[in-house]
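K.L.:
Give me coordinates for this.
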Amino acid sequence: MNVHSLLAFLQVQAANLPERKITNMFKPLASPAESEMQAALLTFAITGAIFVVVGGLIVYTIARFRHRPGDDLYQEPPQVYGSNQIEIAWTIIPILIVFVLIGVSARVIAGVQNASPPKTTTHVTVVGHQWWWEVQYPDYHITTANEIHIPFSPDGGQATYFVLQSIDVNHNFWVPQLAGKVDLIPNRNNYMWMNPKAPGIYYGNCAEYCGTQHANMQLRVVAESPEDFKRWTLNQQTKASEAAEGKAVYQSLACVNCHTIQGTTSIGKFGPDLTHLMSRRDIGSGVVENTEKNLRAWVNDPQEIKPGCLMPSMKLTDRELDQVVAYLETLK
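P.N.:
Residues are numbered from 1 along each chain as shown. Below you'll find the predicted structure:
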């Protein structure tokens, strides 16, 4: 990509990227994140105290033993050849600190990883792709992309358990306010859980470099009431509406080999499931807001918005583009 192309890409990004909430990792709102925050604060307190003590001793030494007028520059200062008490202190104290930090870390890790699922548990499988997230709800037979809906509970009694997989390279699932980072590794299942205690939209990202569009592999976790979550699942389970002309054009394209739209001949698994495309806030895994203008630009030439993504331009005419976009807008 030359300089002009890069500048054009950045201008498109600035114009289309919606305003984002700040992801505040210092305000945890789920049990795993709270436990990890407490361990981090303890570590910071201990290492901060060490920094203050060591820094203070250095400053004291510089001030106390600095050169003064009249000192003999050639006189060797008194030599101290060791102190058993000091040697013992700076050996035992660091060992104790290390064991304390190991114990706290082990306790937090065990508490998070070995937690038993509560009775009210939602199961979600997340599959990492270059560069988007496939989201499956096996209990509801739902597949969506990049936007994860889960119920919240103020007391943390309702949790969502995730199976994390990758279909291509290593990825990393991270929603700072809800849980720590967990890798997605090909041919291996990893696991995590979260129990949001407040409703809202929590922003996350891939935290393991996975290729050209790693930084644009974004995700949202939408924590909502159990009633709203149930309504969402019922909506997702309904089949897509039809727009005859647009549907015919869409099904004549290679799109059907990569995407799934329930109730149609489009049964591809390589790209995101589009059955309820218009129920999502973003397209391109968070690159642009899901509006008619952005959807049209995305279908016309995805590389203009997200260079390096694996979706090609179909080189549609203006009329074909209008028909396909009109059809996609019915997928609610």
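K.L.:
in the stretch 151-300 of the chain, which ranges drop under the pLDDT threshold?
P.N.:
Regions of the stretch 151-300 of the chain meeting the criterion pLDDT under 70 cover residues 238-244.
K.L.:
quick one: the helices in it?
P.N.:
Along the stretch 151-300 of the chain, counting by DSSP state H, counting those that start in this stretch, helices occupy 226-237, 244-251, 292-300.
K.L.:
I'd like these as a markdown table, with distance to residue 329 and mean neighbour count appended.
P.N.:
(C-beta placed from N, C-alpha, C; glycine too.) Formatted as a markdown table, the entries for the helices of the stretch 151-300 of the chain read as follows, by distance: least, CB to CB, whole Å; neighbours: other CB atoms under 10 Å:
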| stretch | distance to residue 329 | mean neighbour count |
| --- | --- | --- |
| helix 226-237 | 16 | 14 |
| helix 244-251 | 9 | 17 |
| helix 292-300 | 7 | 18 |
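K.L.:
can I get the ones you listed in CSV with distance to residue 271?
P.N.:
As requested, the helices of the stretch 151-300 of the chain are exported to CSV (distance: least, CB to CB, whole Å):
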stretch, distance to residue 271
helix 226-237, 18
helix 244-251, 13
helix 292-300, 12
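K.L.:
what's near enough to touch residue 218?
P.N.:
Contact partners of residue 218, counting by CB atoms under 8 Å, 6 or more residues apart in numbering, are 146, 203, 204, 205, 206, 282, 285, 286, 287.
K.L.:
ok, back up a step: so which of the helices of the stretch 151-300 of the chain is nearest residue 133?
P.N.:
helix 226-237 (15.7 Å; CB to CB).
K.L.:
contact partners of the closest one?
P.N.:
Contacts to helix 226-237, defined as CB under 8 Å, 6+ apart, come from residues 122, 137, 140-142, 144, 149-151, 153, 158, 224, 275-276, 279, 332.
K.L.:
buried subset of the residues you listed?
P.N.:
Burial by neighbour count, judged by 16 or more other CB atoms under 10 Å, picks out 122, 137, 140, 142, 144, 149-151, 153, 158, 224, 275-276 from the contacts of helix 226-237.
K.L.:
Looking at the residues you listed, which are in strands?
P.N.:
Secondary-structure check on the buried ones among the contacts of helix 226-237 using DSSP state E: residues within strands are 122, 137, 142, 144, 149, 150, 151, 224.
K.L.:
Is the residue nearest to residue 34 when sequence neighbours are not counted in a helix, a strand, or coil?
P.N.:
With sequence-adjacent residues excluded and distances taken as CB to CB, 6 or more residues apart in numbering, residue 34 is closest to residue 28, at 4.5 Å. Secondary structure state of residue 28, per DSSP: H, G, I helix; E, B strand; the rest coil, is coil.
K.L.:
list the contacts for residue 28?
P.N.:
In this structure, residue 28 makes contact with 34, 36, 37, 177, 178, judged by CB under 8 Å, 6+ apart.
K.L.:
Export the residues you listed as TSV, with columns for neighbour count and distance to residue 130.
P.N.:
Shown next, in TSV, are those (neighbours: other CB atoms under 10 Å; distance: CB to CB, whole Å):
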residue	neighbour count	distance to residue 130
34	16	32
36	21	28
37	18	31
177	24	26
178	25	24
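K.L.:
would you turn those into a markdown table with distance to residue 312?
P.N.:
Written out in a markdown table, the entries for those read as follows (distance: CB to CB, whole Å):
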| residue | distance to residue 312 |
| --- | --- |
| 34 | 44 |
| 36 | 41 |
| 37 | 43 |
| 177 | 36 |
| 178 | 35 |
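K.L.:
The stretch 201-332 of the chain: strands as residue ranges?
P.N.:
Using DSSP state E, counting those that start in this stretch, the strands of the stretch 201-332 of the chain run over 218-224, 282-283, 288-289.
K.L.:
actually the stretch 51-200 of the chain, not the one I wrote
P.N.:
With DSSP E, counting those that start in this stretch as the criterion, the stretch 51-200 of the chain has strands spanning 121-129, 132-137, 142-145, 147-151, 159-166, 171-174, 182-184, 190-194, 200-206.
K.L.:
Pull up the gap between the residue of the chain most remote from its centre and residue 63, please.
P.N.:
Of all residues in the chain, residue 70 has its C-alpha farthest from the mean position, at 63.3 Å, by CA atoms, centre = their mean. In this structure, residue 70 and residue 63 are 18 Å apart, going by CB to CB, to the nearest Å.
K.L.:
cool, residue 274 as well?
P.N.:
When distance is defined by CB to CB, residue 274 is 69 Å away from residue 63.
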